[in-house]
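1. sequence below, structure please.
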Amino acid sequence: MRIGVLAGLFAVAGVLGWAVARLWSQLGTLPGVPVAAPVVLALIATVLLATALSLRARLAAQREREAGAKGVDPLMAARAVVLGQASAYVAALVAGLYGGCAVFLLIDGVAGRGQQVLYAGLAAAAGWLVIAAAFLLERVCRLPDDDDLR
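-> Okay, the predicted model is just below:
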């Protein structure tokens, strides 16, 4: 994963989210931002973080050759990394959409939408937490370079 690609996805989705929110507001009433949006993203970030910490502890125990250390199946580690990468890309898009919606609501000053701005901002922040947890997971599961093995 590259942070530039994720930031680009976030920016494009943010502009798209702002434009759609503006268009929707002109055509009628803008739908509300669900309370579950930041909660679900925070749960995904928590699962990715717990997976990364668990794998890191298991790999450290395996490296230290502790008695009874439970090894890490390489295929499971690869699947965890793919899950983290997919989650990061989707989170960048979702965070961008909610971020664009939050910017529109802040700039437009729609009356009575303060909670919606808060929920959209929290969803955008939780999306970046998913991305951070995915980067940690990817770092934990990275194979050592050839120079590190010598």
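2. and the contacts of stretch 9-24?
-> Stretch 9-24 is touched from outside by 30-31, 89, 92-101, 103-105, 108, 127, with contacts defined as Cβ atoms under 8 Å, 6 or more residues apart in numbering. (Each C-beta comes from the backbone N, C-alpha and C, glycine too.)
3. what about Pro34, which SS state?
-> coil (DSSP: H, G, I helix; E, B strand; the rest coil).
4. over to it: give its phi and psi.
-> phi -70, psi 140 (degrees, to the nearest 10).
5. so it sits against Tyr119, correct?
-> Yes. Look at Pro34 against Tyr119 with Cβ atoms under 8 Å: they come within range, at 7.3 Å.
6. looking at the chain, which helix or strand does the model trust least?
-> helix 146-149 (a mean of 55; mean pLDDT, DSSP states H and E).
7. low pLDDT regions in the chain?
-> Applying pLDDT under 70 to the chain flags residues 110-111, 144-150.
8. just want the most central residue of it.
-> Val130 (2.5 Å; Cα atoms, centre = their mean).
9. ok, now which ones touch Gly71?
-> For Gly71, the contact set (Cβ under 8 Å, 6+ apart) comprises Arg58, Gln62.
10. tell me the secondary structure for it?
-> On the three-state scheme (three-state DSSP), Gly71 is labelled coil.
11. give me the number of residues near Lys70?
-> Using other Cβ atoms under 10 Å, Lys70 is surrounded by 10 other residues.
12. find the residue closest to it in space, skipping its chain neighbours.
-> Arg58 (5.8 Å; Cβ to Cβ, 6 or more residues apart in numbering).
13. okay, and the one you found sits in which element?
-> helix 36-63 (DSSP states H and E).
14. the very next helix or strand once past that helix vs helix 36-63, what angle?
-> Toward the C-terminal end, the helix or strand that comes next after helix 36-63 (DSSP H and E) is helix 74-108. Helix 74-108 runs at 150 degrees relative to helix 36-63, counting by axes from the mean of the first three to the mean of the last three Cα atoms, to 10 degrees.
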